[in-house]
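In: Pasting the sequence and the predicted model now:
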Amino acid sequence: VALAGVAGCDTPGQTGELLASEIPLPEPFRVPLPVPPVKRPVRRDATTDWYDIVQRRAEAEILPGVRTPILGYDGVFPGPTIESRRGRRTVVRHHNRTDVPTVVHLHGGHTPADHDGWPTDLVMPLSGTHSHSHSHHPGRITQGRRDYVYPLDQEAATLWYHDHRMDFTGPQVYRGLAGFHLVRDAVEEALPLPSGDREIPLMIADRAFASDGSLKYPAMDPAGHTAGPMDDWIEGVLGDVILVNGAPWPELEVVGARYRFRVLNASNARRYRLTLDPPPPGGPAFVQIGSDAGLLAAPVEHGNVDIAPAERFDLIVDFSGYRPGQVVTLRNGFGAGGTGQVMRFRVTRRVADESSVPARLAEVPPLVPPRDAPRRRFAFSRGRVGDRAGWVINGKPFDPSRVDATPRLGEIEIWRLSTDLHHPVHIHLSPFQVLSRNGHPPGAFDTGWKDTVDLRPAETVEVAVRFTDYRGHYLLHCHNLEHEDMAMMSTFETK
Ligand code: C2O
Ligand code: CU
């Protein structure tokens, strides 16, 4: 199936093919920034919060005046934000009222294997009309709904939940199945950071739109099912519209004070180099206070922030140096034209700002591997997946029945990740720390607890990882979702 609109990779800094929209695109900065609704639990007791989420088809107005069919948690994109407290169990009952099998993964969750969203642990749609001929590796299949149990005995962090269905994660996330899940704790709450309406999650994701307003994804049929080979798209799908919290190039009115933005790159394949234009007079553009898996030990200043798919950066931006009335654009240095901008801030007035960024944020004990620490190597590259081109780890495409590594719980290991191209590598179960990048100290964006590390062409990154608490089968994979669907995934079993 030949597809129109293939313009190739739009800039350096990307692996992917640009998919062009077939519909007039809106002027940027006309839509106010939406903030995803915070979900209320249906029940709470001494230890547990219970939630109910209905996955369903819905119509969203993403582009002004255009109706776009989506697949949404509770019918919205992004899905509702869940807020948990450290150590309080959270049980999310997901009802599948879509017409496709789904799997939910809590990305960054320290979760028992049964609830981690193994790609063949399908939740079948209630409608029962879908033929599941693609699931040649049946997992623990449930009908209509599933309870995901999350202990969340972990530090305050910005997690997110998204679909993880084998071979279909790219299209299902693209169609809307992604939301924030924040973990809060007393350590974070004791800090004088901006909060309330000055603490805002920003989910950045690119999309393209077909002429009828639907989301355009390669090899998707008009009903929104994925059909046909993705051979021309193995590099990854890049859209030409940048959405923040589901709105195209939105604008946010801000007061002249500090804000805390929990930035998530939920794009299938696109990387961003975030900058502020103009930069704040006399200060850094961004002060990073947190990484994927929690607060940093101390804040880190950045003029730009490079963010790969699935990474999170918890950033403070201080608008107090700007003039009231000034507009400030959040740009993407890895894009051009429309993809070169993300959103805009409009500074309204000066206010007294009680918030501050303390020099010490949290305890982040370094993971120091012992001399005889077990070492493993994972090489990410192009390869054959059956008779097609795809992506492999150590030469092998994903096979859910094969175990590639058996780390022992509690032991610090050194994992050496090497790559041919851009691959954002994600490890489930426990966060890790970057030890080195190409034999040098970790890079500017590697600080703190990570669960996803951005590998650039020809790089080798060493990370220290220690899995704890839960035995079972977990995943290591590329978070470019087209690479993941085309088999760049591997299983480790914690013993
Ligand atoms: Cu965000 Cu295995 O995924
Ligand atoms: Cu990849």
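Out: Received, thanks. Numbers count the residues shown, from 1 in each chain. Ligands and ions are numbered 1, 2, ... in the order given.

In: Going by C-alpha atoms from here, please, whenever you check contacts or count neighbours.
Out: Fine.

In: From residue 237, how far out is residue 177?
Out: According to Cα to Cα, to the nearest Å, residue 177 stands 16 Å off from residue 237.

In: Skipping adjacent residues, who's closest to the closest residue to ligand 2 within the chain in space?
Out: At 3.7 Å from ligand 2, residue 423 is the closest residue in the chain, using Cα to the ion. For residue 423, ignoring the flanking residues on the chain, the nearest one in space by Cα to Cα, 6 or more residues apart in numbering is residue 455 at 5.1 Å.

In: Now do the contacts for that neighbour.
Out: Residues counted as contacts of residue 455 (Cα atoms under 8 Å, 6 or more residues apart in numbering) are 418, 419, 421, 422, 423, 424, 425, 461.

In: can you count the residues close to the last one?
Out: Read it as residue 461. The number of residues packed around residue 461, counting by other Cα atoms under 10 Å, is 23.

In: what's the answer for the second one, then?
Out: Each residue near residue 419 was counted by other Cα under 10 Å, and the total is 21.

In: Chain neighbours aside, what residue packs nearest to it?
Out: Closest to residue 419 by Cα to Cα, 6+ apart is residue 380, at 4.7 Å.

In: Can you verify the one you found is assigned to a strand?
Out: Yes - assessed by DSSP: H, G, I helix; E, B strand; the rest coil, residue 380 belongs to a strand.

In: Use 483 as the first number from now on
Out: Understood, numbering begins at 483; the last thing we discussed is residue 862.

In: Beta-bridge partners for it, please?
Out: Beta-bridge partners recorded for residue 862 (DSSP bridges): residue 875, residue 901.

In: how far away is it from residue 888?
Out: 19 Å.

In: likewise residue 778?
Out: 29 Å.

In: what does residue 587 give?
Out: Between residue 587 and residue 888 the computed distance is 21 Å (Cα to Cα).

In: If you count surrounding residues, which of those two has more?
Out: Comparing residue 587 with residue 888 by other Cα under 10 Å, the one with more neighbours is residue 587, at 21 against 13.

In: contacting residues for the more buried one?
Out: By Cα under 8 Å, 6+ apart, the neighbours of residue 587 are 597, 598, 599, 600, 643, 644, 645, 646.

In: change it to 7 Å
Out: Each residue near residue 587 by Cα atoms under 7 Å, 6 or more residues apart in numbering is listed here: 598, 599, 643, 644, 645, 646.

In: Can you tell me which of these has the most neighbours?
Out: Within the contacts of residue 587, most neighbours by other Cα under 10 Å means residue 646, with 28 neighbours.

In: For it, which non-adjacent residue is spatially closest?
Out: Spatial nearest neighbour of residue 646, excluding adjacent residues (Cα to Cα, 6+ apart): residue 585 at 5.2 Å.

In: For that neighbour, give me its contacts.
Out: 599, 601, 603, 604, 605, 645, 646, 647.

In: Distance to residue 525 added to the residues you listed, as JSON lines?
Out: Formatted as JSON lines, the contacts of residue 585 follow (distance: Cα to Cα, whole Å):
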{"residue": "599", "distance to residue 525": "23"}
{"residue": "601", "distance to residue 525": "29"}
{"residue": "603", "distance to residue 525": "26"}
{"residue": "604", "distance to residue 525": "26"}
{"residue": "605", "distance to residue 525": "23"}
{"residue": "645", "distance to residue 525": "24"}
{"residue": "646", "distance to residue 525": "27"}
{"residue": "647", "distance to residue 525": "28"}
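
In: circling back to that earlier point, pick out whichever of the contacts of residue 587 sits closest to residue 676.
Out: residue 643 (24.3 Å; Cα to Cα).

In: what's next to the top strand by length along the chain, contact-wise?
Out: The longest strand of the chain (DSSP state E) is strand 530-542. For strand 530-542, the external contacting residues (Cα under 7 Å, 6+ apart) are 523-526, 549-557, 570-580.

In: Near ligand 2, list only the ones from those residues.
Out: Of the residues in the contacts of strand 530-542, proximity to ligand 2 by Cα under 5 Å from the ion holds for none.

In: Could you list which of those belong to helices?
Out: Cross-referencing these against helices under DSSP state H gives no overlap.

In: Help me confirm that residue 964 is found in a helix?
Out: Yes - the assignment for residue 964 by three-state DSSP puts it in a helix.

In: where in this protein is pLDDT low?
Out: Within the chain, the segments meeting pLDDT under 70 span 483-493, 610-620, 704, 706, 708-709.

In: in it, which residue is closest to the centre?
Out: Centroid-nearest residue in the chain, with Cα atoms, centre = their mean: residue 792, separated by 2.8 Å.

In: Give me the distance between it and residue 811.
Out: Noted for residue 792: a distance of 23 Å to residue 811, by Cα to Cα.

In: returning to that earlier point: adjacent strands (with direction) for the longest strand of the chain?
Out: strand 525-526 (antiparallel), strand 550-555 (antiparallel), strand 571-578 (parallel).

In: any chance of those strands in TSV, with mean neighbour count too?
Out: Converted to TSV, the strands paired with strand 530-542 look like this (neighbours: other Cα atoms under 10 Å):
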stretch	mean neighbour count
strand 525-526	12
strand 550-555	25
strand 571-578	21
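
In: Out of the ones you listed, the one nearest residue 748 is which?
Out: Judging the strands paired with strand 530-542 by Cα to Cα, what sits closest to residue 748 is strand 550-555, at 14.4 Å.

In: Just give me how far that closest one sits from the chain centre.
Out: Chain-centre distance of strand 550-555: 18 Å, with Cα atoms, centre = their mean, to the nearest Å.

In: With stretch 582-600 instead?
Out: Its chain's C-alpha centre and that of stretch 582-600 lie 14 Å apart, by Cα atoms, centre = their mean.

In: gap between the two ends of that stretch?
Out: 16 Å.

In: My understanding was that residue 512 contacts residue 730; is that so?
Out: No - using Cα atoms under 7 Å, residue 512 is not in contact with residue 730; the gap is 8.6 Å.

In: Just want to know which of the two has more residues nearby.
Out: Higher neighbour count among residue 512 and residue 730: residue 730, with 28 against 16, using other Cα under 10 Å.

In: ok, now which ones touch the residue lying closest to the more buried one once chain neighbours are set aside?
Out: Of all residues not flanking residue 730 in the chain, residue 724 sits nearest, at 5.6 Å (Cα to Cα, 6+ apart). Listed by Cα under 7 Å, 6+ apart, the contact set of residue 724 reads 687, 688, 689, 730, 731, 821, 824.
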